[in-house]
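In: Here's a sequence, model it:
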Amino acid sequence: QVQLVESGGGFVQPGGSLRLSCVASGFTFSNYAMNWYRQAPGKERELVAGISNVGGSTTYGDSVKGRFTVSRDNAKNTLYLQMNNLKSEDTAVYSCKTKIYRPDTGWSDYWGQGTQVTVSS
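Out: Predicted coordinates for the structure are as follows:
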């Protein structure tokens, strides 16, 4: 079955850095685009970054442009999010997500369980 497992979250001071990872299994990772989302308490979930299946195309939310970098290693079935110059407003649960096609069910969204990032002094 499809599994997405995030790691790398934690507590960091403003201006610090973290790298999140999302290990995928149960599907052909290199065939699908991947996305990072985040959700802070009391706020709607927002798209942080996305990357095409082979990494040639990326997209970022306005609030993280120039600070975050999304990448992937298809040989390791792993998605990354490098987060630099972190701000308190980056505090949220970060989740990876993909949309996969199955002949019997069509397109379906799959989410990881999320990893908490807390930015505070």
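In: Quick check: neighbours of the helix or strand that residue 38 is a member of in the sheet, parallel or antiparallel?
Out: Secondary structure from DSSP states H and E places residue 38 in strand 34-39. Here strand 34-39 has these sheet partners by DSSP bridges: strand 46-51 (antiparallel), strand 92-102 (antiparallel).
In: Show me which residues of it are buried.
Out: Using 16 or more other Cβ atoms under 10 Å as the test for burial, strand 34-39 gives 34, 35, 36, 37, 38. No exception for glycine: its C-beta is placed from N, CA and C like everyone else's.
In: which residues are contacting stretch 52-66?
Out: Stretch 52-66 is contacted from outside by 30-33, 46-51, 68, 70-72, 74, 83, 89-90, using Cβ atoms under 8 Å, 6 or more residues apart in numbering.
In: can you rerun that using 6 Å?
Out: 30, 31, 32, 33, 47, 48, 49, 50, 51, 70, 72 (Cβ atoms under 6 Å, 6 or more residues apart in numbering).
In: What does the most far-flung residue of the chain relative to its centre show for phi and psi?
Out: Of all residues in the chain, residue 104 has its C-alpha farthest from the mean position, at 27.0 Å, by Cα atoms, centre = their mean. Main-chain dihedrals, residue 104, degrees, to the nearest 10: phi -90, psi -30.
In: hang on, the earlier thing: give me the buried entries from the contacts of stretch 52-66.
Out: The neighbour count (16+ other Cβ under 10 Å) marks 33, 48, 49, 50, 51, 70, 72 as buried among the contacts of stretch 52-66.
In: and of those, the nearest to residue 98?
Out: Of all these, residue 98 sits closest to residue 33, with 6.9 Å by Cβ to Cβ.
In: Now do the strands in the chain.
Out: Assigned by DSSP state E, the strands in the chain fall at 3-7, 10-12, 18-25, 34-39, 46-51, 58-60, 68-73, 78-83, 92-102, 106-111, 115-119.
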